[in-house]
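Chemist: Coordinates for the following, if possible.
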Amino acid sequence: MRTTVTTSLLSASLLAALAGCGTNSSMVERFDPAPGSAAQASANALPTAPTAKSSNAPSTAPTRATATTPAAQPTLRTGPVTAEWIAQMEASGTRAGAPFAKAFKDAVAREPFDRAELVFTANTDRGTPDDATEGLTQITFATEGADFDPRVSRDGASLVFSSTQHRSTADIYIKKIGGRAITQLTADSGNDVMPALSPDGKRIAFASDRNGTWQLFVMGSAGGRAVQISAENACDLHPTWSPDGKRIAFCRLGQVSGRWEMWIVEASNPATAEFIGYGMFPVWCPVTGTGEDKADKIAYQRGKERGDRAFGLWTVDYKPGFVSSPTEIVPATAGAAINPNWSPDGQFITYATVKGGQAGGGSSGIWVVASDGSVNVNLTSGASSDMSPWWGKDGRVYFVSDRAGHDNIWSVGTDRAMAALSRDPAGAQPLANAPMNTPSDPGIDPNAGTNTTGVPTNP
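Modeler: This next block holds a predicted model:
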């Protein structure tokens, strides 16, 4: 029974990548991962890199904090829940029995137990879920190391993720959403993290330090030879595909600016990169033409350049050769807002918040905001560290959490959140039925050059 939890304010892959890029304390304060965690294991395996040329890169809250659970300790129920067990809970006469039974019945209706084991945490003193999550389901089951960086395929059938459950360096794995078997896709000596499935599901872009610095690679969705698509002399992270599969956006630690920059390359010809602004972890809206003048939208996190330098969430409109309308949709007023990801219909963004890190007692939770920033709803909260959300076609949000003792991937329902966000809840369209683009994959030219040009100077 845990009385304290370690809150990893950044995902394991981010911590490892930032350390590998030579970031300094102005960018990630007090990097101190918990002993034995994925962040610690990944960081220990990183090559030494020089400190960034400038301290202007955006920072977030400290990377470690502690929080204490309420006096009434939660009870953990793991594994398949039978009809007999639900009946026993209903007949138990306890204050918690009926709410437990109703919650499990609701979860069963949304998530059949032949797809994944349900893990439900509840405070027996209150008789309500520990953090009011909807249909909480555990998806991966690492007992050593960690599973992180969840990415669900457009068809909703597969989950791609990074993991250190088998060795200290991270590899990329794939599994069926409803299964337990996992398939290892990379096995080199470096760290392979931040996988991104192409819209047609045939290719995976990812970041790796296998050659000594963090670079971007593309491989087939079944693994095999990976083709490097980024420059040798930069630190590149977090690839994201355009809806038509023709371009890849990513973030780079600028060699001149010393700040995190966002760039776009053509997937089939990555020799020339296009600078689109300053920020981290860009994520392309899966629906084309949702911006002004039918431009695409890209969400990202950006640190303030004064005060606590905490991250807020922004969007920008993009057409090839033209960038416009940088818009802050979630300001860093009550804590850092990080890890944005789009709903399949492009109308909402899920993200993680980090609160209380500066003073200790911090925690992180998953939220959903309308793409124009007008409405904001909480999905998870409580003492656990919930990070890196990703929206699946089934309408559920997949995220990384340490709520069962190890960093694993979980999912949570969004029906209540969507009802709260919708201006017309009764007529809201289920996300699973939202229209999605299904482009062809232009492929990757293994003979294409990897040098980029036009690195911006300080603004």
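Chemist: so for stretch 408-416, what's the average pLDDT?
Modeler: Stretch 408-416 comes out with an average pLDDT of 93.
Chemist: end-to-end on it?
Modeler: Start-to-end span of stretch 408-416 (C-alpha to C-alpha, to the nearest Å) is 24 Å.
Chemist: Same check on stretch 296-309?
Modeler: Using C-alpha to C-alpha, one end of stretch 296-309 lies 28 Å from the other.
Chemist: Likewise for stretch 404-416?
Modeler: Using C-alpha to C-alpha, the end-to-end distance of stretch 404-416 comes out at 24 Å.
Chemist: and that stretch, which residues are buried?
Modeler: Of the residues in stretch 404-416, those buried by neighbour count under the rule 16 or more other C-beta atoms under 10 Å are 404, 406, 407, 408, 409, 410, 411, 412, 413, 414, 415. Backbone N, C-alpha and C define where each C-beta goes, glycine included.
Chemist: so what's the last one closest to, chain neighbours aside?
Modeler: So that's residue 415. What sits nearest to residue 415 in space, not counting adjacent residues and going by C-beta to C-beta, 6 or more residues apart in numbering, is residue 134, at 6.5 Å.
Chemist: okay but that neighbour is in contact with residue 418, surely?
Modeler: No. The criterion here is C-beta atoms under 8 Å, and residue 134 misses it with residue 418 at 10.4 Å.
Chemist: on that earlier part again, the residue nearest to residue 415: how many residues sit nearby?
Modeler: When counting by other C-beta atoms under 10 Å, one arrives at 19 neighbours for residue 134.
Chemist: backbone phi and psi for residue 418, please?
Modeler: Note on residue 418: its backbone torsions stand at phi -70, psi -40 [degrees, to the nearest 10].
Chemist: Distance check, it against residue 329.
Modeler: Here the distance between residue 418 and residue 329 works out to 18 Å (C-beta to C-beta, to the nearest Å).
Chemist: I would like the residues contacting stretch 205-214, please.
Modeler: When contacts are defined by C-beta atoms under 8 Å, 6 or more residues apart in numbering, stretch 205-214 is touched by residues 13, 17, 20-21, 46-47, 49, 172, 186, 188-196, 198, 215-219, 226, 228-229, 232-239, 241, 248.
Chemist: Now, of those, which are buried?
Modeler: With neighbours counted using 16+ other C-beta under 10 Å, the contacts of stretch 205-214 contain these buried positions: 13, 17, 20-21, 46, 49, 172, 186, 190-196, 198, 215-219, 226, 228-229, 234-239, 241, 248.
Chemist: Which ones among those map onto strands?
Modeler: Residues of the buried ones among the contacts of stretch 205-214 located in strands (DSSP state E): 172, 192-196, 215-219, 226, 228, 235-239, 241, 248.
Chemist: any idea how far residue 412 is from residue 285?
Modeler: Using C-beta to C-beta, one obtains 22 Å as the distance from residue 285 to residue 412.
Chemist: and if you look at residue 292?
Modeler: Taken as C-beta to C-beta, the span from residue 292 to residue 412 is 32 Å.
Chemist: How about residue 237?
Modeler: 26 Å.
Chemist: Residue 352 now?
Modeler: 13 Å.
Chemist: Between the two, which contacts overlap?
Modeler: By the contact definition C-beta under 8 Å, 6+ apart, residue 352 and residue 412 are jointly contacted by 366, 399.
Chemist: tell me the contacts of residue 350?
Modeler: Applying C-beta under 8 Å, 6+ apart, the residues contacting residue 350 are 340-343, 366-369, 379, 389-391, 397.
Chemist: Kindly reformat these as JSON lines containing pLDDT, neighbour count and secondary structure.
Modeler: Compiled in JSON lines, those are given as follows (pLDDT from 0 to 100; neighbours: other C-beta atoms under 10 Å; DSSP: H, G, I helix; E, B strand; the rest coil):
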{"residue": "340", "pLDDT": "97", "neighbour count": "24", "secondary structure": "strand"}
{"residue": "341", "pLDDT": "97", "neighbour count": "24", "secondary structure": "strand"}
{"residue": "342", "pLDDT": "98", "neighbour count": "24", "secondary structure": "strand"}
{"residue": "343", "pLDDT": "96", "neighbour count": "24", "secondary structure": "coil"}
{"residue": "366", "pLDDT": "94", "neighbour count": "28", "secondary structure": "strand"}
{"residue": "367", "pLDDT": "94", "neighbour count": "22", "secondary structure": "strand"}
{"residue": "368", "pLDDT": "94", "neighbour count": "22", "secondary structure": "strand"}
{"residue": "369", "pLDDT": "94", "neighbour count": "21", "secondary structure": "strand"}
{"residue": "379", "pLDDT": "91", "neighbour count": "25", "secondary structure": "coil"}
{"residue": "389", "pLDDT": "97", "neighbour count": "25", "secondary structure": "strand"}
{"residue": "390", "pLDDT": "97", "neighbour count": "23", "secondary structure": "strand"}
{"residue": "391", "pLDDT": "96", "neighbour count": "23", "secondary structure": "strand"}
{"residue": "397", "pLDDT": "97", "neighbour count": "28", "secondary structure": "strand"}
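Chemist: And the pLDDT at the closest residue to residue 335 other than its chain neighbours?
Modeler: Across the structure, with C-beta to C-beta, 6+ apart as the measure, the residue nearest residue 335 apart from its sequence neighbours is residue 355 (3.6 Å). On the pLDDT scale, residue 355 is placed at 76.
Chemist: Now do the contacts for residue 355.
Modeler: Residues counted as contacts of residue 355 (C-beta under 8 Å, 6+ apart) are 334, 335, 362, 363, 364, 365.
Chemist: Just list what the helix or strand containing residue 224 packs against, helices and strands only.
Modeler: Following DSSP states H and E, one finds residue 224 within strand 223-228. Using 3 or more C-beta pairs under 8 Å, 6 or more residues apart in numbering; DSSP states H and E as the contact criterion, the neighbours of strand 223-228 among helices and strands are strand 215-220.
Chemist: Which strands border the strand it packs on, and is each parallel or antiparallel?
Modeler: Strand 215-220 pairs in its sheet with strand 203-208 (antiparallel), strand 223-228 (antiparallel), by DSSP bridges.
Chemist: Just the CA atoms of stretch 244-258, as PDB, please.
Modeler: Extracted as PDB, the C-alpha positions of stretch 244-258 are listed here (Å, rounded to 0.1, in the frame of the first residue of the first chain):
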ATOM      1  CA  ASP A 244      -1.800  12.900 -45.800                       C
ATOM      2  CA  GLY A 245       1.400  11.100 -44.700                       C
ATOM      3  CA  LYS A 246       3.600  13.300 -46.900                       C
ATOM      4  CA  ARG A 247       5.300  15.300 -44.200                       C
ATOM      5  CA  ILE A 248       6.800  14.900 -40.800                       C
ATOM      6  CA  ALA A 249       7.000  17.600 -38.100                       C
ATOM      7  CA  PHE A 250       9.400  17.400 -35.200                       C
ATOM      8  CA  CYS A 251      11.200  19.400 -32.600                       C
ATOM      9  CA  ARG A 252      15.000  20.200 -32.600                       C
ATOM     10  CA  LEU A 253      17.300  21.800 -30.100                       C
ATOM     11  CA  GLY A 254      18.600  24.800 -32.100                       C
ATOM     12  CA  GLN A 255      22.300  24.900 -32.500                       C
ATOM     13  CA  VAL A 256      22.300  28.700 -33.000                       C
ATOM     14  CA  SER A 257      19.200  29.700 -31.000                       C
ATOM     15  CA  GLY A 258      19.700  27.300 -28.100                       C
END
